[in-house]
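Peer 1: Sequence plus the predicted model coming up.
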Amino acid sequence: MEVKIALDGMGGDNAPFAPVKAAIMASQIPDLKIFLVGKENILKNYLKNGNIEIIHCEKEVGMEEEVSLSILKQENNSMYKTISLLKEEKVDFALSAGNTAIFVTLAIRLIGLIKNIERPGIAVLLPSTSGNFSIFVDVGANINPKPSHLLQYGIMGSLYAKKVFKIENPRVGLLNIGKEASKGDELRKKAYELLQNEKSINFVGNIEGQELFLDKADVIVTDGFTGNSILKVSEGLTRSIKTIFRREITKSFIGKIASFILQKNFRYFSKKIDYAEYGGGILLGLNKPVIISHGRSSPRAILNAIKLGKKIIEEGFIQFLKKELE
């Protein structure tokens, strides 16, 4: 089965280089057709060959632009066109590393929410010390959720874990400041009660911040503001750890020898904690699959987001999710 993707070629801090380079790398993947959306005169300068078709549009959405009616009605920008191709069923999924707020809003307006879902949430993968990962939702789509939204994130995240990642009876946790049900603000307290009473999920209680990467849950639920902040802190911390480690270990002769001996291990370590390995996140709750990558995504990060989208399509996740929720 050929999977078709609409990729926003103008979205992201490193655009158009990063999405175009990712598209070139992804063009080697069997059964994948790529539609690269953006300004043709710019994009074609990067392309030489591959299974890539350019969809021209005149405008792009800046990373600093705010959501406005004029932007949402601007049909000839790369984000709108990327989502439109999905709406018109010309592609199987859409992906952008551009302005998250505008991409999410366009996706909701053009694609629509699954029946009974109130607000979508971005679900990303967090590495854990066990070598596995946790599904972390939400990381920026909904910064002011209701308790019922967090419940729905728990349910959708659990179904995502089951269908796409083949996790049986996934553990669902709520990010909070303590273990007890009485901890946290009113949002967390009410969400805890809803999650605890939901029979369709395996709720394991509150997850504290220091446990995020310790494989305490397969799905961890939070609000978009907290989730986005944690994601960015973890990315910054990862870069800092790698920088400090490299600097300190090469200060002595013995350290330099150890660095040489352990370079393969260090590459493996770096790979396991690098967000680029996990690429992007699905916007859970929409009628069709929309993948969102970090604004600073490298070509490799976008490539891995493309691979994730292809896997989601091949597993028939959206159809499964609709059936379970409706």
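Peer 2: Nice, I can see it. Residues are numbered from 1 along each chain as shown.
Peer 1: and the residue lying farthest from the centre of the chain, what are its phi and psi?
Peer 2: Relative to the centre of the chain, the most outlying C-alpha is that of F253, 41.6 Å out, by Cα atoms, centre = their mean. Main-chain dihedrals, F253, degrees, to the nearest 10: phi -60, psi -40.
Peer 1: so where do the helices sit in the stretch 1-150 of the chain?
Peer 2: Remark: helices assigned in the stretch 1-150 of the chain by DSSP state H, counting those that start in this stretch are 17-26, 40-43, 69-72, 78-87, 100-111, 147-165.
Peer 1: Direction-wise, compare the fifth one with helix 78-87 and give the angle.
Peer 2: Put plainly, it is helix 100-111. 30 degrees (axes from the mean of the first three to the mean of the last three Cα atoms, to 10 degrees).
Peer 1: Which strands or helices does helix 100-111 pack on?
Peer 2: If contacts are counted by 3 or more Cβ pairs under 8 Å, 6 or more residues apart in numbering; DSSP states H and E, helix 100-111 sits against helix 69-72, helix 78-87, strand 290-293. (Glycine included, C-beta is placed from N, CA and C.)
Peer 1: Contacts for stretch 105-113, please.
Peer 2: Stretch 105-113 is contacted by residues 67, 72, 79-80, 83-84, 86-87, 94, 119-120, 283, 285-288, 290 when judged by Cβ atoms under 8 Å, 6 or more residues apart in numbering.
Peer 1: let's see 6 Å
Peer 2: 67, 79, 83, 87, 283, 285-288, 290 (Cβ atoms under 6 Å, 6 or more residues apart in numbering).
Peer 1: go on, stretch 57-64?
Peer 2: For stretch 57-64, contacts defined as Cβ under 6 Å, 6+ apart pick out 10, 76-79, 81, 98-99, 102, 295.
Peer 1: And it, what's buried?
Peer 2: Buried residues in stretch 57-64, defined by neighbour count with 16 or more other Cβ atoms under 10 Å: 57, 59-61, 63.
Peer 1: returning to what we had before: so can I have JSON lines of the helices and strands packed on helix 100-111 showing mean neighbour count, mean pLDDT and distance to N202?
Peer 2: Below are the helices and strands packed on helix 100-111 laid out as JSON lines (neighbours: other Cβ atoms under 10 Å; pLDDT from 0 to 100; distance: least, Cβ to Cβ, whole Å):
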{"stretch": "helix 69-72", "mean neighbour count": "12", "mean pLDDT": "82", "distance to N202": "39"}
{"stretch": "helix 78-87", "mean neighbour count": "24", "mean pLDDT": "97", "distance to N202": "32"}
{"stretch": "strand 290-293", "mean neighbour count": "29", "mean pLDDT": "97", "distance to N202": "26"}
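Peer 1: which stretch among the ones you listed comes nearest G38?
Peer 2: If you check each of those against G38 by Cβ to Cβ, helix 78-87 wins as the nearest, at 4.7 Å.
Peer 1: Tally up the residues packed near P147, please.
Peer 2: P147: 17 surrounding residues under other Cβ atoms under 10 Å.
Peer 1: So the closest residue in space to it that isn't next to it in sequence versus V124, what's the distance?
Peer 2: Of all residues not flanking P147 in the chain, K190 sits nearest, at 3.8 Å (Cβ to Cβ, 6 or more residues apart in numbering). Computed as Cβ to Cβ, to the nearest Å, the K190 to V124 distance reads 24 Å.
Peer 1: and those two? which has more neighbours close in?
Peer 2: Set K190 next to V124 and count neighbours by other Cβ under 10 Å: V124 wins out with 25 against 16.
Peer 1: who's in contact with that one?
Peer 2: V124 touches 136, 139, 281, counting by Cβ under 6 Å, 6+ apart.
Peer 1: same thing but 7 Å
Peer 2: Residues near V124 by Cβ atoms under 7 Å, 6 or more residues apart in numbering: 136, 139, 231, 278, 281.
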